[in-house]
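**Student:** Predicted model and sequence follow; I will ask about them next.
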Amino acid sequence: MEHDQARGGSGAAVQAGAVAVLVAANVLNNRLAPRLAPLTSATAVGALLVMARRSGLSWAELGFHQRARGLRIGGALASAVAVSYAAGIAIPATRRFFRDERALSLSRGRAIEEALLQVPVGTVLLEEVGFRGVVHALVARSHGHAAATAVSSALFGLWHVLPAVDMMAANPALSGLASGEAAEPAPSSTTTSAGPATGSTATGSTGSTGSTVPGPSARHVVRVVAGSVVATGLAGVLFTELRRRGGLAAPAMFHVATNSLGYLFARLAPPGRTSPERTPVGKTSASRETRS
């Protein structure tokens, strides 16, 4: 009995340590050093796996199993994502959800870097190994699969608070969908010979004339963040079920497809109708990469 209590205490300490590593990586990747996300994420993954293995978890418990089956499932889902995105940009009613300024403001080289390096290594590697691998396995060992799914998915939802704040500037249509209300109208800004207005952020922007344009209301911010947390938490449940059926390979391939193909289809989506006196929202804030 004393051995079980000692193991339980050690397990709680490892769980807390894993969450601390994830929090630090989240802040670094979304605020302090976004371009270094692949390095940060790879380092965090290494630390998480060392902690998990030292606590006695096997590679199979961590999700490194059923690779062939996982690749088949993940490949099928990735193909379905590509078909869905193609249909999405072809239909005028849904096309606006793909016009993400974080992707559109990048050069071709930077877009390729995002799709092939930043997303797979800087985002998906850490999120799948961290949440569906290490956190899930640590909780499942002491509390079972259902509790592990609930905890890892809830933490995965909270992981997306910072990306949700940035999404309001980069993709107003999608942020409006996440909040359950119509997207707030884009602030008006006058284009001069020097180019579009600069200095926009998630909380407000300063136009080329120096006047401050109010950002979204506090109510809208709360609704967008809450909606994003709930949506990504539910996505975490889906990813966990994929992990149960095909190891980490299945959700990882699906996850990479949803994110990386977003850069491709954002650039393929035809532009919507815009007023000649308005410029796209979020051009400056789009330079701040977020890890979702």
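**Tutor:** On my side now, so go ahead.

**Student:** hey, where'd the strands end up in the stretch 151-292 of the chain?
**Tutor:** Under the criterion DSSP state E, counting those that start in this stretch, the stretch 151-292 of the chain contains strands at 204-206, 212-214.

**Student:** residue contacts, Phe98?
**Tutor:** For Phe98, the contact set (Cβ atoms under 8 Å, 6 or more residues apart in numbering) comprises Tyr85, Gly88, Ile89, Gly262, Phe265, Ala266, Ala269. Placement of C-beta: from N, CA and C, glycine included.

**Student:** Which other helices and strands does the longest helix belonging to the chain contact?
**Tutor:** Ranked by residue count and defined by DSSP state H, the top helix of the chain is helix 218-246. With contacts defined as 3 or more Cβ pairs under 8 Å, 6 or more residues apart in numbering; DSSP states H and E, the packing partners of helix 218-246 are helix 67-90, helix 145-158, helix 161-170, helix 172-179, helix 249-268.

**Student:** for the ones you listed, which one sits closest to Leu125?
**Tutor:** Closest to Leu125 of the helices and strands packed on helix 218-246, according to Cβ to Cβ: helix 249-268, at 7.7 Å.

**Student:** Measure how the closest one sits relative to helix 218-246, angle-wise.
**Tutor:** Computed by axes from the mean of the first three to the mean of the last three Cα atoms, to 10 degrees, the angle separating helix 249-268 from helix 218-246 equals 130 degrees.

**Student:** Which elements pack onto helix 249-268?
**Tutor:** Helix 249-268 sits against helix 67-90, helix 101-104, helix 218-246, with contacts defined as 3+ Cβ pairs under 8 Å, 6+ apart.

**Student:** that older thread, could you tell me the least trusted of the strands of the stretch 151-292 of the chain?
**Tutor:** Least confident of those, judged by mean pLDDT, is strand 204-206 with a mean of 41.

**Student:** Tell me which helix or strand in the chain has the weakest average pLDDT.
**Tutor:** Sorting the helices and strands of the chain by mean pLDDT, DSSP states H and E puts strand 204-206 at the bottom, at a mean of 41.

**Student:** Rebuild the helices and strands packed on helix 218-246 as JSON lines, extending it with mean pLDDT and mean neighbour count.
**Tutor:** Below are those laid out as JSON lines (pLDDT from 0 to 100; neighbours: other Cβ atoms under 10 Å):
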{"stretch": "helix 67-90", "mean pLDDT": "97", "mean neighbour count": "15"}
{"stretch": "helix 145-158", "mean pLDDT": "98", "mean neighbour count": "19"}
{"stretch": "helix 161-170", "mean pLDDT": "82", "mean neighbour count": "22"}
{"stretch": "helix 172-179", "mean pLDDT": "63", "mean neighbour count": "22"}
{"stretch": "helix 249-268", "mean pLDDT": "95", "mean neighbour count": "22"}
